[in-house]
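> any chance you can model this:
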Amino acid sequence: MKKYSLILLMLSFVVVTLASFTINNNEPTIENVNSFSDYCDGWESGHCEGWRDVKGQYAICPITPICPIAKIECGKGYKCGYNRGFKAGMKAARKN
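Presented below is the predicted three-dimensional model:
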């Protein structure tokens, strides 16, 4: 009987431990993914507008470079991506 109670106790410990690991995993949440998606949307829009600011209103935008990782101090997704993309677009247009 002691063996069964010891096995049951160990089994319950393993189940509780595994359950706590699955609850506390650090997978990206939908909110974080949407924020990064908004940042990249802003990056694309800003890059094109920055290009047009230098080349002219009717200039055709080049293919937008891959969206960089947002800076830590940047809390506003789309707006921050737009501003950073605008500056990068202007810089790219001046080089070209």
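> quick one, helices of this structure?
Using DSSP state H, the helices assigned to the chain run over residues 2-23, 30-55, 77-95.
> low-scoring stretches of this protein, by residue?
Counting by pLDDT under 70, the low-confidence segments of the chain come to 1-35.
> if we go to 50?
Judged by pLDDT under 50, the chain has its weakly predicted residues at 28-30.
> surely Asn83 and Glu49 touch.
No. With contacts counted by Cβ atoms under 8 Å, Asn83 stays clear of Glu49, the gap being 10.4 Å. C-beta: built from backbone N, CA, C; applies to glycine.
> list the buried ones in stretch 39-54?
Neighbour counts using 16 or more other Cβ atoms under 10 Å place 39-48, 50-52 of stretch 39-54 among the buried residues.
> would you mind giving these as JSON lines with distance to Ile72 added?
Rendered in JSON lines, the data for the buried residues of stretch 39-54 read as follows (distance: Cβ to Cβ, whole Å):
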{"residue": "Tyr39", "distance to Ile72": "12"}
{"residue": "Cys40", "distance to Ile72": "17"}
{"residue": "Asp41", "distance to Ile72": "20"}
{"residue": "Gly42", "distance to Ile72": "17"}
{"residue": "Trp43", "distance to Ile72": "16"}
{"residue": "Glu44", "distance to Ile72": "21"}
{"residue": "Ser45", "distance to Ile72": "22"}
{"residue": "Gly46", "distance to Ile72": "19"}
{"residue": "His47", "distance to Ile72": "21"}
{"residue": "Cys48", "distance to Ile72": "26"}
{"residue": "Gly50", "distance to Ile72": "23"}
{"residue": "Trp51", "distance to Ile72": "27"}
{"residue": "Arg52", "distance to Ile72": "29"}
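> nearest to Ile69 among these?
For the buried residues of stretch 39-54, the residue nearest Ile69 by Cβ to Cβ is Tyr39; the value is 8.9 Å.
> mind listing what the closest one touches?
By Cβ atoms under 8 Å, 6 or more residues apart in numbering, the residues touching Tyr39 are 67, 70, 74, 77-78, 80-81.
> neighbours of the closest residue to Asp41 other than its chain neighbours, how many?
Take Asp41 and drop its neighbours on the chain: the residue closest to it by Cβ to Cβ, 6 or more residues apart in numbering is Tyr78, 6.0 Å away. By the measure other Cβ atoms under 10 Å, the count of residues near Tyr78 is 17.
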